[in-house]
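Participant: coordinates only, sequence not included:
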């Protein structure tokens, strides 16, 4: 939809169309022949070319490469998975393509009408967020895409096991990843669980958050945490139902949302700062470390932040005294700063500072 809006006159190849898919699958060179003909007819002005769902025919990338080099054509290649492209040893257009990732809705796109409770319950996908009752849409997305589409791409052979894995992974969203524990719950091997997580990453359904392990003064945890890319999917897979502020599950969903906003801002702003988390072996942790230990962020879905909520941020400064800024994103109504310099920000102030680049401007 975005490419159609920005490039309404583009030459469009939609590989979801069965006849087109079969024709190009059988003979990828047809793409080159058609575009060279169109370019000749327009006296070298064939314009912008879009190939949607490019991962379905990785061999087309060789033709795209040739056309970029020899016909000076410009392409927009979009799809929902890089996995099949890589598995097919496809031409990855090294040095000839810029990669962009499109995230679900973020607060900055919605503006003053942004509703945090709605987003945490509906998820980030535009159609789901805008729907007054998205539960059926989300269930359909989970069943049709997360299961059937992945099966259709032959990414997994044991679909029931993968379905069980999805439910177990959803229950551990925002938590440390323990492959052995999930393997026991699903009745599969730990290597299979690791492979399934990689499928979620390759199909852009989730991402790992690595642990901060530089210059540790005390023993720290090194295992990664995993976050699904859409909290509405997590709610569906984990069978959460409606969740309201004050509930424990709302807190986990709130943390997922803060991570979503940070990841989207990092990508859209092109600041490319690193994200990690910090956790001591004792269990004390800080949810997000931005940059080279320059900004520490805790996500706490409480309307009244207490000293217990500040514990992680007060411990981390002992090991990293040069930490520039410590922030808690909360549901409090007004921003404030504690005597030892911890900023307690309402979620609306956090998003305003984030999307104006004020939060990370010096990183």
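Facilitator: Okay, I see it. Since the structure is predicted, the reported quantities are computational estimates derived from the model, not experimental observations.
Participant: Would you mark the buried spots in stretch 355-362?
Facilitator: Using 16 or more other C-beta atoms under 10 Å as the test for burial, stretch 355-362 gives 355, 359-360. Just so you know, the C-beta spots here come from the backbone N, C-alpha and C atoms, and that holds for glycine as well.
Participant: would you list these in a markdown table and tack on pLDDT, secondary structure and distance to residue 348?
Facilitator: Converted to a markdown table, the buried residues of stretch 355-362 look like this (pLDDT from 0 to 100; DSSP: H, G, I helix; E, B strand; the rest coil; distance: C-beta to C-beta, whole Å):
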| residue | pLDDT | secondary structure | distance to residue 348 |
| --- | --- | --- | --- |
| 355 | 95 | helix | 11 |
| 359 | 92 | coil | 13 |
| 360 | 87 | coil | 17 |
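Participant: Present those as TSV; the columns should include distance to residue 127.
Facilitator: Formatted as TSV, the buried residues of stretch 355-362 follow (distance: C-beta to C-beta, whole Å):
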residue	distance to residue 127
355	22
359	29
360	30
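Participant: mind listing what residue 142 touches?
Facilitator: Residue 142 is in contact with 166, 233, 236-237, counting by C-beta atoms under 8 Å, 6 or more residues apart in numbering.
Participant: Neighbour-wise, give me the winner out of those.
Facilitator: residue 236 (26 neighbours; other C-beta atoms under 10 Å).
Participant: I'd assumed residue 136 was in contact with that one.
Facilitator: No. Counting by C-beta atoms under 8 Å, residue 236 stays clear of residue 136, with 10.4 Å between them.
Participant: Inside strands: which ones of the contacts of residue 142?
Facilitator: If you go by DSSP state E, these have nothing in strands.
Participant: want to throw those residues into JSON lines with pLDDT and distance to residue 223?
Facilitator: Formatted as JSON lines, the contacts of residue 142 follow (pLDDT from 0 to 100; distance: C-beta to C-beta, whole Å):
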{"residue": "166", "pLDDT": "90", "distance to residue 223": "20"}
{"residue": "233", "pLDDT": "93", "distance to residue 223": "23"}
{"residue": "236", "pLDDT": "93", "distance to residue 223": "26"}
{"residue": "237", "pLDDT": "92", "distance to residue 223": "21"}
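Participant: Can you pick out the most distant pair from the residues you listed?
Facilitator: 166 and 236 (9.8 Å; C-beta to C-beta).
Participant: Without its sequence neighbours, what residue ends up closest to residue 341?
Facilitator: Excluding its sequence neighbours, the residue lying closest to residue 341 (C-beta to C-beta, 6 or more residues apart in numbering) is residue 326, at 6.6 Å.
Participant: Checking my notes, that neighbour in a helix, right?
Facilitator: No. Going by DSSP: H, G, I helix; E, B strand; the rest coil, the assignment for residue 326 is strand, not a helix.
Participant: For burial, what's the neighbour tally of it?
Facilitator: When counting by other C-beta under 10 Å, one arrives at 23 neighbours for residue 326.
Participant: all helices for the stretch 101-250 of the chain, in order.
Facilitator: Taking DSSP state H, counting those that start in this stretch as the criterion, the stretch 101-250 of the chain contains helices spanning 107-110, 116-122, 126-130, 135-141, 150-152, 159-171, 179-186, 190-202, 231-237, 248-269.
Participant: Just name the most buried of those.
Facilitator: Each of the helices of the stretch 101-250 of the chain was scored by mean neighbour count; the highest is helix 231-237, a mean of 25, by mean count of other C-beta atoms under 10 Å.
Participant: Which strands and helices lie in contact with that one?
Facilitator: Other helices and strands packing on helix 231-237, by 3 or more C-beta pairs under 8 Å, 6 or more residues apart in numbering; DSSP states H and E, are helix 116-122, helix 135-141, helix 159-171, helix 248-269.
Participant: what would those look like in a markdown table with distance to residue 62?
Facilitator: What follows is the helices and strands packed on helix 231-237, written out as a markdown table (distance: least, C-beta to C-beta, whole Å):
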| stretch | distance to residue 62 |
| --- | --- |
| helix 116-122 | 41 |
| helix 135-141 | 33 |
| helix 159-171 | 31 |
| helix 248-269 | 28 |
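Participant: From what I see, the residue nearest to residue 341 and residue 343 are in contact.
Facilitator: Yes. The criterion here is C-beta under 8 Å, and residue 326 meets it with residue 343 at 6.8 Å.
Participant: Of the helices of the stretch 101-250 of the chain, which is nearest residue 70?
Facilitator: helix 190-202 (30.7 Å).
Participant: so what secondary structure elements neighbour the closest one?
Facilitator: helix 83-87, helix 159-171, helix 179-186, strand 206-209.
Participant: Select from those the stretch with the lowest mean pLDDT.
Facilitator: The minimum mean pLDDT among the helices and strands packed on helix 190-202 belongs to helix 83-87 (a mean of 54).
Participant: ok, back up a step: reformat the helices and strands packed on helix 190-202 into TSV and put distance to residue 36 next to each item.
Facilitator: Listed next are the helices and strands packed on helix 190-202 as TSV, based on distance: least, C-beta to C-beta, whole Å:
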stretch	distance to residue 36
helix 83-87	24
helix 159-171	42
helix 179-186	49
strand 206-209	39
